[in-house]
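A.B. asks: Need a 3D model of the sequence below.
(2 chains, ligands or ions: 1)
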Amino acid sequence: MLKLKRRVGLKLYTEMKDKAPIYFLLFALVALFLGMFFGMTASFQYLMPEFLKEQIPFSKLRPFHVTSVISWIVLSATGSIYFFITYVEKFKLFSRWLVKLHFIIFLLTGVAIYISFIFGYNEGREYFAFHPILMIPILVGWILFGINYFKILYKNVKGWPVYYWMWGTGIVFMCYHLMEAHFWLFDFFRLNFIKDFAVQWKSTGSFTGSWNMLVYGMSIYLMSKIKENTDVATNKMAFFFYFLGLTNLMFGWAHHTYLLPTQPWIRYVAYGISMTEWIVLASIIYNWKSSVLKIEKENNPMAYRFLLATDFWIFINIILALLFSIPAINFFTHGTHITVAHSMGTTIGINTTILFSALFYIVHQLYPDFITDKKWVKRGFYSLNISLFIFFVSLIIAGAKRSYWMYVSKTGSFSEMQDSIIPYYISFFVFGIAIFVSLLIVAVPIFRAFLKNIKS
Amino acid sequence: MITNSKPYILTIAILIFLFSIYNYVIYNTEGYVAVGKLSPVAVKGQQIFQSNQCWSCHQLYGLGGYLGPDLTNVYSEDGKGPLYIKAFLNSGVKSMPQFHFSEEEKNALVEYLKQVDETGIYPNYDAKIEATGWVEIIYRNER
Ligand code: HEM
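C.D. replies: This is a model prediction of the structure:
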């Protein structure tokens, strides 16, 4: 009897060992498409402000959108990292049950978040609008991830390549900043509006920095694997940029709050730290030819293409980000859609492209014969990048027009200003749909392959 | 290639040490202009502001969603103020839904916006832009 039990346990173990990461990835893709759907419905209200506004106001749709698409990033990064360490690196999990538990907790919390939104239990703040109690299971999930991660690596790896550092950092800082984002629950913060507001934006800025640690770590991992050259992940430069990123994660957040009357030194520090990112830009330009372009693409053509796209979007976004981290420019761009162009430009252009690169790499690991660069997938890829470009530019123009209204013309009402931007909102809406469709075309074969995998 | 991790561990330790001090100071630093703490009524207003997601269409200090206008100084702006705010809550204009708040809830929201207004100015039209790229903002007590 005991033996039988053990056998059953073993079978479950082998199954879960192979499948849990794939469950995370499927869940992530569902969150992505739901999230983009909510994004499209939300942006429609820019065109038809009164449309269904009592039933599904923008304020209901926006949290659905933002929480879902951020979940896409976080869940697909988690699934990919689990996959890399178990399936590619073939490390034995510290505990298979913890991974399973992690998945179940996240799945149930995801459902609970939607329920909390639908029934209006959403007294949280931006990005975490759901009931604050749901933060507890999310934190527990991250801690489980951390336990498995550090136990595995501690046992198996000496002299970590940079991506292991980045993932570890991402997990730890994720836990911290998720907590920090809820400090407002304590009167010590809440009653001091300026301090409270500053800490709120500190936490969300660093929360973004934390998932970037996970995702950028993945891009270095992918490069070192596709290239079959571990040097990109072990040389001194890689570590230099890791520490630069970490410094920015810790001390750079106050560029979101240059116009908040905090103590000036907080903003001075942020200005100084943010400007160190020019080094990143310089290095991108300097290393242009020698970076990703050298990757061997025979086996992973789509993973390769997506990383090329990442390179392009990093370049565009870092220029924008560097410019508006200068207070004198931020003064005009802050509080406009230029900020939204930055958020979606980076989350789609950089994070989502890296994540899709990972998904294609993973499909290739599961099914070496799987042909990833089918004609339609390539078309989807190109139309994604073109649509995103127009989407991005539309948001920048919309933001510039609002800024002009705020600081230069200073005439006309808010609604007149909004009406004058409608052409750009239309293009934002239309190319938002194009992004949705393009990603759908790219994702369907991957989704099918993952489904096949969990069924087999 | 195996890397020597010692210098990296040391660097992280230093960064985390600095980060801890920095956080301690940030958490204990008030805004630049001394203002009173949020009153219990204002806290109630803040709760209503959050649970109705006013922030997803409106900004405070330019932060939030962008479908509607910034509300930082709506309390004290010329031609606006408590009655104006309540009028918007009662009617719902453009994409803003109509809210069916009790008088008490409306007062709480107004009190919250009043106390936010006291903390500073946004948009900060009189700010001085310097050649270094720095912006010297004008504080509430300087006007
Ligand atoms: C991978 C896909 C996407 C990601 C990762 C993403 C991410 C985000 C993020 C992070 C924000 C918050 C912006 C901020 O607070 O500054 C946001 C806002 C928004 N997104 Fe997306 N997004 C995606 C696709 C879309 C699509 C396809 C649409 C459809 C047009 C869309 C419409 C919107 C709208 C309307 C907002 C609110 C902007 C506002 O506050 O006025 N998003 N998105």
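
A.B. asks: Contacts only, for residue A:250.
C.D. replies: A:206, B:15, B:18, B:19, B:22 (C-beta atoms under 8 Å, 6 or more residues apart in numbering or on different chains). For the C-beta atoms, the positions are set from N, CA and C on the backbone; glycine is no exception.

A.B. asks: Can you tell me the element it falls in?
C.D. replies: helix A:236-251 (DSSP states H and E).

A.B. asks: and the next element down the chain from that helix?
C.D. replies: helix A:264-275.

A.B. asks: got the buried residues for that following helix?
C.D. replies: The neighbour-count check on helix A:264-275 (16 or more other C-beta atoms under 10 Å in any protein chain shown) flags A:266, A:267, A:269, A:270, A:271, A:273, A:274 as buried.

A.B. asks: could you dump those residues to JSON lines with distance to residue A:75 and pLDDT?
C.D. replies: Output for the buried residues of helix A:264-275, formatted as JSON lines (distance: C-beta to C-beta, whole Å; pLDDT from 0 to 100):
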{"residue": "A:266", "distance to residue A:75": "33", "pLDDT": "96"}
{"residue": "A:267", "distance to residue A:75": "34", "pLDDT": "96"}
{"residue": "A:269", "distance to residue A:75": "33", "pLDDT": "96"}
{"residue": "A:270", "distance to residue A:75": "30", "pLDDT": "96"}
{"residue": "A:271", "distance to residue A:75": "34", "pLDDT": "97"}
{"residue": "A:273", "distance to residue A:75": "30", "pLDDT": "96"}
{"residue": "A:274", "distance to residue A:75": "29", "pLDDT": "95"}
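
A.B. asks: Save these as TSV, and put in distance to residue A:380 too.
C.D. replies: Shown next, in TSV, are these (distance: C-beta to C-beta, whole Å):
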residue	distance to residue A:380
A:266	44
A:267	43
A:269	43
A:270	39
A:271	40
A:273	38
A:274	35
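
A.B. asks: Run through who's touching the helix or strand hosting residue A:100.
C.D. replies: Element membership for residue A:100, per DSSP H and E: helix A:96-118. With C-beta under 8 Å, 6+ apart as the test, helix A:96-118 has contacts from A:12-13, A:16-17, A:20, A:23-24, A:27, A:31, A:60, A:63-64, A:67, A:71, A:75, A:78, A:82, A:93, A:122, A:129-131, A:134, A:137-138, A:140-141, A:144-145, A:147-148.

A.B. asks: what about the single nearest residue of the stretch 51-200 of chain A relative to chain B, helix or strand, and which?
C.D. replies: Nearest residue of the stretch 51-200 of chain A to chain B: residue A:194, at 2.9 Å (C-beta to the nearest C-beta). Residue A:194 belongs to helix A:193-226 when elements are defined using DSSP H and E.

A.B. asks: tell me what the next helix or strand after that helix is packed against?
C.D. replies: Where DSSP H and E defines the elements, the next helix or strand beyond helix A:193-226 is helix A:231-234. Helices and strands touching helix A:231-234, by 3 or more C-beta pairs under 8 Å, 6 or more residues apart in numbering or on different chains; DSSP states H and E, are helix A:162-180, helix A:193-226.

A.B. asks: which residues sit in contact with the residue of the stretch 51-200 of chain A closest to chain B?
C.D. replies: Residue A:194 is in contact with A:260, A:261, A:262, B:30, B:31, B:32, B:35, B:119, B:120, counting by C-beta under 8 Å, 6+ apart.

A.B. asks: Tell me the predicted confidence for it.
C.D. replies: Residue A:194 is assigned 97 on the pLDDT scale.

A.B. asks: What are the buried residues along the top helix by length along chain B?
C.D. replies: Longest helix in chain B, counting residues (DSSP state H): helix B:6-27. Within helix B:6-27, the residues scored as buried using 16+ other C-beta under 10 Å are B:8, B:12, B:15, B:19, B:26.

A.B. asks: Same question for stretch A:359-368.
C.D. replies: So stretch A:359-368, judged by 16+ other C-beta under 10 Å, has buried residues A:359, A:360, A:361, A:362, A:363, A:364, A:366.

A.B. asks: roughly how far apart are the fifth one and residue A:375?
C.D. replies: The reference is to residue A:363. 17 Å (C-beta to C-beta, to the nearest Å).

A.B. asks: Pretty sure residue A:427 sits against residue A:387.
C.D. replies: No: counting by C-beta atoms under 8 Å, residue A:427 stays clear of residue A:387, with 10.2 Å between them.

A.B. asks: nearest residue to residue B:138 other than its sequence neighbours?
C.D. replies: Leaving aside its sequence neighbours, residue B:138 sits nearest to residue B:126 (C-beta to C-beta, 6 or more residues apart in numbering or on different chains; 4.5 Å).

A.B. asks: That neighbour - that's part of a strand, no?
C.D. replies: No: per DSSP: H, G, I helix; E, B strand; the rest coil, residue B:126 lies outside any strand segment and is coil.

A.B. asks: What segments of chain B are strands?
C.D. replies: Under the criterion DSSP state E, strands of chain B are mapped to B:59-60, B:63-64, B:128-129, B:135-136.

A.B. asks: So what are the sheet partners of the second one and their directions?
C.D. replies: Strand partners for strand B:63-64, identified by DSSP bridges, are recorded as strand B:59-60 (antiparallel).
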